[in-house]
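1. Coordinates for the following, if possible.
(one chain, ligands or ions: 1)
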Amino acid sequence: MPTRIKFCGFTRADDLAQALSLGIDAVGLIFDPRSKRAVTADVASALSRQVPAFVSRVALFRDAPASLIDEAIAATDPDLLQFHGNESAEFCERWQRPYLKAVPMAEAQDLEQWCARYPHARALLLDSHAPGALGGTGHAFDWSRAPRVLSKSWVLAGGLNPANVASAVTMASPPAVDVSSGIESAPGIKDPALMRAFVDAVRRADLQSSRP
Ligand SMILES: O=C(O)c1ccccc1NCC(=O)[C@H](O)[C@H](O)COP(=O)(O)O
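-> Residues are numbered from 1 along each chain as shown. Sure thing, here's the model as predicted:
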């Protein structure tokens, strides 16, 4: 099965169009006002309308108030929510939508315990941030700590880029990868050449490890 690809942190329509032309599987829009990649509901609504059916639209929050989540859902009707903070399972489930729960891999984690804590999470997103910190760090964590077996699907994130993502795929065999900084020329400004190179590197790694 091919490695699924999520590009996160779009702020511009042309960047999103370039990304969609590459056949990625998911796009992330960030509603955390502390992020340099944050979008308003209006911008998110316009970007979201660009995304065709069968590409997942992910609305990303970090310890956001329920009102912001309500506003983002009304504006974009996302396919997935992504909770990147200390949100409880009860909070994540409040909107009765599929969601991803980020796990801060800057510290050692018992990933099966996370699966038990968030039983309805669609997947865990293993990211390199520290607990309570922002994502989108551009730094990787030790991929040897990725799970060989896990009772939920999972996404590998944190510091991926065209130069290292093939090694990450080969070493960790993630069901999916997620990237923000590694395909940018500046925060929120995606680079067409880096986006293409990232997708090409994942596809080559899949072919080499017979995951076409
Ligand atoms: O990307 C951000 O600015 C961000 C801010 C606050 C919370 C989460 C954020 N990003 C979450 C993501 O899903 C990123 O794609 C992930 O952290 C990987 O980022 P990067 O290391 O830059 O590839």
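2. SS state for the residue most central in space within the chain?
-> Closest to where the C-alpha atoms of the chain average out (C-alpha atoms, centre = their mean) is Asp178, at 4.4 Å. Per DSSP: H, G, I helix; E, B strand; the rest coil, the secondary structure class of Asp178 is strand.
3. Let me know the pLDDT of it.
-> As predicted, Asp178 sits at a pLDDT of 98.
4. Tell me what it is bridged to.
-> Applying DSSP bridges to Asp178 yields these beta-bridge partners: Lys6, Ala157.
5. Touching, it and Gly9? I think so.
-> No. The criterion here is C-beta atoms under 8 Å, and Asp178 misses it with Gly9 at 10.0 Å. Glycine gets a C-beta too; all of them are placed from N, C-alpha and C.
6. of all the residues in the protein, which ones are close to the ligand?
-> Contact residues (C-beta under 6 Å from any ligand atom) of the chain with the ligand: 8-9, 28, 30, 32, 35, 37, 60, 62, 84, 127, 134-138, 157-160, 178-182.
7. and with 5 Å instead?
-> Within reach of the ligand by C-beta under 5 Å from any ligand atom, the chain has these residues: 8-9, 32, 35, 37, 62, 84, 127, 134-138, 157-159, 178-181.
8. and the residue of the chain found nearest the ligand, what is it in contact with?
-> The chain approaches the ligand most closely through Gly136 (2.2 Å), counting by C-beta to the nearest ligand atom. Taking C-beta atoms under 8 Å, 6 or more residues apart in numbering, we find Gly136 in contact with 8-9, 30, 35-37, 180-181, 187.
9. Buried only: go through these for me.
-> Buried by 16 or more other C-beta atoms under 10 Å: 8-9, 30, 35, 37, 180-181, out of the contacts of Gly136.
10. among those, which two are most distant?
-> Using C-beta to C-beta, the buried ones among the contacts of Gly136 span at most 12.3 Å, a distance reached by Ile30 and Ser181.
11. my read is Arg57 is in a helix, agree?
-> No. Counting by three-state DSSP, Arg57 is not part of a helix but strand.
12. can you map out the strands along the protein?
-> Under the criterion DSSP state E, the chain contains strands at 4-8, 26-30, 56-61, 80-83, 99-104, 123-127, 153-157, 176-179, 184-186, 189-190.
13. ok, residues contacting the first one?
-> In this case it means strand 4-8. Taking C-beta under 8 Å, 6+ apart as the rule, strand 4-8 contacts 19, 24-28, 30, 37, 56, 58, 60, 136, 155, 175-180, 183, 190, 195, 198-199, 202.
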